[in-house]
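J.: With the input below, show me the fold.
(4 chains)
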Number of protein chains: 2
Amino acid sequence: MTSAPIELAVSTVIFALRPAADSSRRTVWLPLVRRIREPEQGKWALPGGPLEPDQELSESAAFTLNETTGLSPSYLEQLFAFGNVDRSPGNRVVSIIYWALVREEEAAEAVVTENVRWFPADDLPELAFDHAEIVSYALGRLRGKLEYSNLGHAFLGELFTLSTLREVYEAVLDRRIDPANFRRQVETSGLVRATDQVQTGGRHRPARLYRFATPAASTAPTQE
Amino acid sequence: MTSAPIELAVSTVIFALRPAADSSRRTVWLPLVRRIREPEQGKWALPGGPLEPDQELSESAAFTLNETTGLSPSYLEQLFAFGNVDRSPGNRVVSIIYWALVREEEAAEAVVTENVRWFPADDLPELAFDHAEIVSYALGRLRGKLEYSNLGHAFLGELFTLSTLREVYEAVLDRRIDPANFRRQVETSGLVRATDQVQTGGRHRPARLYRFATPAASTAPTQE
DNA sequence: GCAAAAGTGTTCTCGTTACACCCATGT
DNA sequence: ACATGGGTGTAACGAGAACACTTTTGC
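T.: This is a model prediction of the structure:
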């Protein structure tokens, strides 16, 4: 009289910046996969899969991320473990959710198939299971964390202008930021260092290029 | 050729305020259980156990908490899922960790046996597995969260003086706080409401009693 | 020259800190 | 009376918001 074992899965909320539908500016997008079997067949869901016995949690997240988008994450962190008894009809699944960021330059090359598609974070289709709630929670974490860390790093390449960095913040936080104040805040934060290069080409004064002072941000208690 | 399944456990870091060893003021304490079998037999560990198929994650945490201390938590929130491949010798265990607060008045009645004992958070014995790392992470969360929420609620009864509340903050954050400034900050925060009662008995001016404006704090994405 | 974004300067407000000082009670 | 913590007043400081203004490019 052994009951069915509890299934343990790892799924990932993957964020990237992409031009908005009206292409005026960038907004937050994420890739979803269409479920090809029951339960919830046909609905869109977060990429993920069962945890393998010899696989670290973050490895599992990175694996499904690559499987889905063909990309490598520039940032990856555990979000939360969702395990409500009734979150999946018919079986008990505990999902450990990660969230990841990928650079815009790379996200442009991401794989798109019949069953893998990118959606704007503020205009999602109906999602399977409790995944809508998960995405909403992940978005909150992204916004919150951007304000007290150098998370913008993960969306940008090595060199960038302060305008570009500001656009990242405006896209994620979905509000305008005063360029003058933003400049001072970033410069005094110490997270960023000016280079002696500038970016020309715009119909205006060239912008100085910056780089991040620290290589990356990882705040999980363990680097698993 | 099926490999051993991954074990899924739920453990809890339980915090309470208790008088320090020199009894001068209160500090943070937590209960640990002694492992009575391998692996890591004899070492102290966080209370926990395997997740049952029909049990919510938080139910499992509350169950082991009650089993260990005989108490009910006034606050309970998921902390993190620890799942490194090598964190437990011989088998693969993914532990979903909760952290909990219990009121001082109740914590005084907590069960203590040969294999269950309370320790000061800043003077722990050698712990089993990665539990020392887990406790350290939980302490950081407790301190961080205290500063931007009404978490102090969970340590206190319904009525309290602002001095008592300040002592909670001083115990958790382990630093002195200016009473005058603390008073103003709390009063303008709106988290607290003055009553028309005072507490007499001290050899000084009676202190006004306050109560929290909101019944409780729960910030997990799901109330599981 | 003009538009546009880069970059600087200035002021205002508000929250935090430090600390002086008064209040009300028990002994 | 006086010690003790409860409670109020106030000035200094610093971070952030608002916005005027100057600089340097492309066209």
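
J.: which residues of chain A score low on pLDDT?
T.: A:1-2, A:23-24, A:215-224 (pLDDT under 70).

J.: can you do 50?
T.: For chain A, residues meeting the criterion pLDDT under 50 lie at A:219, A:223-224.

J.: what pairs with the lengthiest strand in chain A, and is each one parallel or antiparallel?
T.: Ranked by number of residues, the top strand in chain A under DSSP state E is strand A:7-19. Each strand paired with strand A:7-19, and its direction, by DSSP bridges: strand A:26-34 (antiparallel), strand A:48-50 (antiparallel), strand A:93-101 (parallel).

J.: Now do the next helix or strand after the last one: which elements does it pack against?
T.: Once strand A:93-101 ends, the next helix or strand along the chain (criterion: DSSP states H and E) is helix A:104-107. The helices and strands touching helix A:104-107, judged by 3 or more C-beta pairs under 8 Å, 6 or more residues apart in numbering or on different chains; DSSP states H and E, are strand A:7-19. C-beta coordinates here come from the backbone N, C-alpha and C atoms, glycine included.

J.: And the strand it packs on, what's buried?
T.: Using 16 or more other C-beta atoms under 10 Å in any protein chain shown as the burial criterion, the residues of strand A:7-19 that qualify are A:7-18.

J.: still on that earlier bit, from the chain's centre, how far out does the longest strand of chain A sit?
T.: Computed by C-alpha atoms, centre = their mean, to the nearest Å, the separation of strand A:7-19 from the middle of its chain amounts to 6 Å.

J.: Tell me the spacing between the residue nearest to A:P19 when sequence neighbours are not counted and B:A21.
T.: In space, and not counting its chain neighbours, A:P19 is closest to A:R26: 5.8 Å by C-beta to C-beta, 6 or more residues apart in numbering or on different chains. Taking C-beta to C-beta, to the nearest Å as the measure, A:R26 falls 56 Å from B:A21.

J.: same check, this time on A:E59
T.: Taken as C-beta to C-beta, the span from A:E59 to B:A21 is 44 Å.

J.: Neighbour count for these two, which is higher?
T.: Legend: neighbour count by other C-beta atoms under 10 Å in any protein chain shown for A:E59 and B:A21, higher for A:E59 (16 against 9).

J.: Now the phi/psi pair for the more buried one, please.
T.: phi -60, psi -40 (degrees, to the nearest 10).

J.: ok, the residue nearest to A:W29 when sequence neighbours are not counted to B:G190 distance?
T.: In space, and not counting its chain neighbours, A:W29 is closest to A:R18: 4.4 Å by C-beta to C-beta, 6+ apart. Between A:R18 and B:G190 the computed distance is 40 Å (C-beta to C-beta).

J.: what about the nearest residue to A:P5 once chain neighbours are set aside, helix or strand, and which?
T.: In space, and not counting its chain neighbours, A:P5 is closest to B:P5: 6.1 Å by C-beta to C-beta, 6+ apart. Using DSSP H and E, B:P5 maps to neither a helix nor a strand.

J.: try A:F63
T.: Assigned by DSSP H and E, A:F63 falls in helix A:57-69.

J.: Which elements pack onto whatever helix or strand comes next after that helix?
T.: Remark: after helix A:57-69, the chain's next helix or strand is strand A:75-82, criterion DSSP H and E. Packing partners of strand A:75-82 (3+ C-beta pairs under 8 Å, 6+ apart): helix A:57-69, strand A:93-101, helix A:131-146, strand B:75-82.
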